[in-house]
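*Asks:* Structure here, sequence nowhere to be found:
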Ligand code: SF4
Ligand code: SF4
Ligand code: FES
């Protein structure tokens with residue numbers, strides 16, 4: 001929380017241009033503080049008044065595009081959500097290639113998240129208006145909230161161990177969104193298994209940084225694991241299915 005008595009913010013920012021710099025460095029700026037100043041406001045002040053060469057992403061400014069995540073004092077957060085503090089260090093997200101300064105190339109991970117096949121209906125003609133159960137509508141709210149900001153990816157131990165692309169919480173969120181929809185005909189159980197569903201350690205670290213407070217371990221991981229158990233697969237699935245039966 002910002003200390004309103006502090007008139008100036010001291011911020012150390014990671015700087016690196018892979019095309020011209022041999023090594024990354026940190027540059028320190030002093031910024032006049034304002035009440036309820038967001039990290040994004042502070043970066044905008046620096047860009048407009050102190051250093052126009054600073055690169056950062058700041059697009060929708062409404063926590064919707066998911067593109068502005070950086071490490072704020074070592075913790076991933078959206079610059080359009082987190083408040084500036086009297087002393088800060090800002091760095092780019094780990095795992096991803098640096099384009100410049102705080103901007104990373106998110107494409108490789110987003111491609112994997114968006115590789116999940118969309119909802120696929122049966123071939124028979126759809127009766128309109130299409131019936132959809134109330135529980136399904138409620139369940140669909142969770143995946144719809146994910147803005148693919150990758151904050152959870154930056155703290156997930158399973159993602160780290162599996163070298164940042166084989167286990168992706170936002171990909172499992174996409175799969176879960178389709179798996180709970182009765183109209184879908186794709187084998188989401190197999191898809192979950194192939195996406196390393198059982199490597200989640202249920203540590204809840206992702207939930208602590210998610211800007212939309214998505215309960216990933218319960219609403220996504222556990223929900224998908226229960227689906228695999230119903231099919232008698234997954235780690236220990238044969239034994240757990242015996243309880244279902
Ligand atoms: S609960 Fe699972 S998905 Fe979330 S950070 Fe921990 S291991 Fe990763
Ligand atoms: S689950 Fe939350 S933290 Fe992870 S990508 Fe989606 S919105 Fe971001
Ligand atoms: S600017 Fe779009 S989520 Fe922050």
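*Replies:* Yep, it's here. Small disclaimer: the values here were computed from a predicted structure and weren't measured. Residues are numbered from 1 along each chain as shown. Ligands and ions are numbered 1, 2, ... in the order given.
*Asks:* Residue 209 contacts residue 153, correct?
*Replies:* No - assessed by CB atoms under 8 Å, residue 209 is found out of contact with residue 153, at 9.7 Å. Placement of C-beta: from N, CA and C, glycine included.
*Asks:* Between those two, which has more neighbouring residues?
*Replies:* More crowded of residue 209 and residue 153, by other CB atoms under 10 Å: residue 153, with 29 against 19.
*Asks:* Doesn't that one belong to a strand?
*Replies:* No - judged by DSSP: H, G, I helix; E, B strand; the rest coil, residue 153 forms no part of a strand; its state is helix.
*Asks:* That one is in contact with residue 167, isn't it?
*Replies:* No - between residue 153 and residue 167 no contact is recorded; they are 9.0 Å apart, counting by CB under 8 Å.
*Asks:* what's the overlap in contacts for those two?
*Replies:* Taking CB atoms under 8 Å, 6 or more residues apart in numbering as the criterion, residue 153 and residue 167 both touch residue 159.
*Asks:* separation between the spatially most central residue of the chain and ligand 3?
*Replies:* The centroid of the chain falls nearest to residue 150 when counting by CA atoms, centre = their mean (2.8 Å). Distance of residue 150 to ligand 3, computed by CB to the nearest ligand atom, to the nearest Å: 11 Å.
*Asks:* Over to residue 219?
*Replies:* Residue 219 is 21 Å from ligand 3, by CB to the nearest ligand atom.
*Asks:* repeat for residue 21
*Replies:* Per CB to the nearest ligand atom, residue 21 is found 26 Å from ligand 3.
*Asks:* quick one: contacts for that residue?
*Replies:* residue 15.
*Asks:* And the pLDDT at it?
*Replies:* Note on residue 21: pLDDT of 97.
*Asks:* So residue 40, which state does it fall into?
*Replies:* Criterion first, three-state DSSP; result for residue 40: helix.
*Asks:* low pLDDT regions in the protein?
*Replies:* 1-6, 123, 161-165, 233-245 (pLDDT under 70).
*Asks:* same thing but 50
*Replies:* Residues of the chain that meet the criterion pLDDT under 50 lie in 2-4, 237-241.
*Asks:* What residues does it have near ligand 3?
*Replies:* 58-61, 63-68, 78, 80 (CB under 6 Å from any ligand atom).
*Asks:* Which of those residues fall within strands?
*Replies:* residue 78 (DSSP state E).
*Asks:* hey, where'd the helices end up in the chain?
*Replies:* 39-45, 107-114, 134-145, 151-155, 157-161, 169-179, 188-194, 205-209, 223-230, 237-244 (DSSP state H).
*Asks:* Save these as CSV, and put in distance to residue 53 too.
*Replies:* Output for the helices of the chain, formatted as CSV (distance: least, CB to CB, whole Å):
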stretch, distance to residue 53
helix 39-45, 12
helix 107-114, 23
helix 134-145, 35
helix 151-155, 25
helix 157-161, 31
helix 169-179, 31
helix 188-194, 43
helix 205-209, 29
helix 223-230, 45
helix 237-244, 54
